[in-house]
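Novice: Give me a model of this one.
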Amino acid sequence: MQELTDEPLAGHTTMRVGGPAARMVVAETTDELVDAVREVDDADEPLLVLGGGSNLVLPDDGFAGTVVKVATRGVVVDSSDSCGGANVVVAAGEPWDPFVERAVAEGWSGVEALSGIPGSTGATPVQNVGAYGQEVAQTIARVRVWDRTEQRVRTMTSPDCRFTYRHSLFKGTDRYVVLDVMFQLVLADLSRPVAYADLARQLGVEARGRVPLAEAREAVLVQRRSRGMVLDDADHDTWSCGSFFTNPVLGAEEFDALQERVASRLGVEVSPPRFEGADGTVKTSAAWLIERAGFGKGYAMPGPAALSTKHTLAVTNRGTASAADVVALAREVRAGVREAFGVELVNEPVLLGQSLEEGRP
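Specialist: Model prediction:
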């Protein structure tokens, strides 16, 4: 294992903020990953397990313990046939988008709408990564983890993972370290049914239509680039964690209250987006609420932190932002939406040692 001291963390995240790690261990195999975690736990020292850093805002004063950087690699076809599809085991440290690119090339259908998403594969089950009508919960067969509490490797089936919208058993806890993920993909030349209206229009198909896998991937990449959601070193709109807030999921009465506040503020002819859930809940659009609360694209430009000029959901680093700058802007947006519409936005990225709550670091 490679071991580094006082390693700057900003370069290990897509937001590009964060001070140094007192110690960083780079684990390139699953055994190294488990050994590194066990060593730190046995010493009872602070531990941060870091993958691609696409969903993490690290503090300006860095991390005083050990950062274990997950650099494991490997994509192994466990089984593949025309009836059962392809069962593909992907190491936690494998970059996500290159895996999606390979899946499309191999004719493995089921993750093509998740093209262009940054980060590592091991992070995808944690927050049940999703976009354009797909989420990884639809294709994950099992997740193999190191259980830090029980000190053993465990295999979690999809039901064990307790997937919900942008959430899972693994989110909000440091108990589990993802080692690898098995995806159960369909052998097909065509995509899964296109569930996202804008994507269907771009592809020229009816909703729930299917298109060649490569066409679906390219259309998703076009959509994501237009929103600044594909990493580009030269484009500060992509120096972000992607969508900073999840779309609010409200009870029926909460949504009615939101409609009343929207009507009072914007007029009775205006209605917030409404997506009915099977359980009676209603999902609405965080981006819509942010913009109508007065935070348009490019808000707070020129920075050092500002909303993306392409998408109001992305809090971006314009080149010199600190973690404190990022958190302050996110806090302002969250408070503004709460004041305007009575809805409490929830941050999607993990804010290590920081909070959007007023009066807290």
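Novice: Show me the helices in the chain, by range?
Specialist: Secondary structure of the chain (DSSP state H): helices at 30-42, 96-106, 197-203, 213-226, 252-266, 286-292, 323-341.
Novice: what comes into contact with the fourth one?
Specialist: Applying C-beta atoms under 8 Å, 6 or more residues apart in numbering, the external contacts of helix 213-226 come out as 100-101, 104, 107, 109, 112-117, 131-132, 188-191, 194, 198-199, 202-203, 211, 230, 310. Placement of C-beta: from N, CA and C, glycine included.
Novice: Is there a quick PyMOL command that grabs whichever of the residues you listed are buried?
Specialist: Here is the PyMOL selection string for the buried members of those, based on 16 or more other C-beta atoms under 10 Å:
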select buried, resi 100+101+104+109+112+113+114+115+116+117+131+132+188+190+191+194+199+202+203+211+230+310
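Novice: Now go through the contacts of helix 213-226 and say which are in strands.
Specialist: Judged by DSSP state E, the contacts of helix 213-226 include 109, 131 as members of strands.
Novice: rewinding a little: could you export the helices of the chain as JSON lines, including mean pLDDT and distance to N347?
Specialist: Shown next, in JSON lines, are the helices of the chain (pLDDT from 0 to 100; distance: least, C-beta to C-beta, whole Å):
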{"stretch": "helix 30-42", "mean pLDDT": "98", "distance to N347": "26"}
{"stretch": "helix 96-106", "mean pLDDT": "98", "distance to N347": "21"}
{"stretch": "helix 197-203", "mean pLDDT": "91", "distance to N347": "25"}
{"stretch": "helix 213-226", "mean pLDDT": "96", "distance to N347": "20"}
{"stretch": "helix 252-266", "mean pLDDT": "96", "distance to N347": "19"}
{"stretch": "helix 286-292", "mean pLDDT": "98", "distance to N347": "10"}
{"stretch": "helix 323-341", "mean pLDDT": "97", "distance to N347": "7"}
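Novice: between those helices, which gets nearest to A305?
Specialist: Closest approach to A305 among these (C-beta to C-beta): helix 323-341, 4.0 Å.
Novice: what residues does the closest one touch?
Specialist: Residues from elsewhere that reach helix 323-341 (C-beta under 8 Å, 6+ apart): 15, 17-18, 57-60, 244-245, 258, 261-262, 265, 272, 286, 289-290, 292-295, 299-300, 303-307, 315, 317, 343-345, 347, 351, 354-356, 358.
Novice: Tell me what angle that helix forms with helix 252-266.
Specialist: Here helix 323-341 runs at 90 degrees with respect to helix 252-266, directions being taken by axes from the mean of the first three to the mean of the last three C-alpha atoms, to 10 degrees.
Novice: i'd like the first residue to be 35 from this point on
Specialist: Will do, 35 is the new start, and the previous item becomes helix 357-375.
Novice: As CSV, could you dump the C-alpha coordinates of helix 357-375?
Specialist: Presented in CSV, the C-alpha positions along helix 357-375 are these (Å, rounded to 0.1, in the frame of the first residue of the first chain):
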residue,chain,number,x,y,z
ALA,A,357,-15.3,24.6,2.0
ALA,A,358,-16.7,27.4,4.2
ASP,A,359,-17.6,29.4,1.0
VAL,A,360,-19.5,26.3,-0.4
VAL,A,361,-21.3,25.6,2.8
ALA,A,362,-22.3,29.3,3.3
LEU,A,363,-23.8,29.5,-0.2
ALA,A,364,-25.7,26.2,0.3
ARG,A,365,-27.0,27.4,3.6
GLU,A,366,-28.2,30.7,2.1
VAL,A,367,-30.1,28.8,-0.7
ARG,A,368,-31.6,26.3,1.8
ALA,A,369,-32.8,29.1,4.1
GLY,A,370,-34.2,31.1,1.2
VAL,A,371,-36.3,28.1,-0.1
ARG,A,372,-37.5,27.4,3.5
GLU,A,373,-38.5,31.1,3.9
ALA,A,374,-40.3,31.3,0.5
PHE,A,375,-42.0,27.9,0.4
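Novice: quick one: buried residues of that helix?
Specialist: 357, 359-368, 370-371, 374-375.
Novice: Compare the helices of the chain and give me the one nearest A44.
Specialist: Among those, the nearest to A44 by C-beta to C-beta is helix 357-375 (8.9 Å).
Novice: The closest residue to V316 other than its chain neighbours - how many residues pack around it?
Specialist: Spatial nearest neighbour of V316, chain neighbours left out: F289 (4.2 Å); criterion: C-beta to C-beta, 6 or more residues apart in numbering. The tally of other residues near F289 (other C-beta atoms under 10 Å) stands at 20.
Novice: again with V91
Specialist: Neighbours of V91 under the rule other C-beta under 10 Å: 25.
Novice: Please report the distance of the closest residue to it other than its chain neighbours from G45.
Specialist: Take V91 and drop its neighbours on the chain: the residue closest to it by C-beta to C-beta, 6+ apart is L385, 5.0 Å away. According to C-beta to C-beta, to the nearest Å, L385 stands 19 Å off from G45.
Novice: More neighbours: which of the two?
Specialist: Comparing L385 with G45 by other C-beta under 10 Å, the one with more neighbours is L385, at 18 against 9.
Novice: Assess the claim that the more buried one and G52 are in contact.
Specialist: No - the pair L385 / G52 is not scored as a contact, 11.2 Å apart, by C-beta atoms under 8 Å.
Novice: where do the contact lists of those two overlap?
Specialist: Listed as contacting both L385 and G52 by C-beta under 8 Å, 6+ apart are V91.
Novice: show me the contacts for the residue nearest to V316.
Specialist: Residues near F289 by C-beta under 8 Å, 6+ apart: 306, 308, 316, 318.
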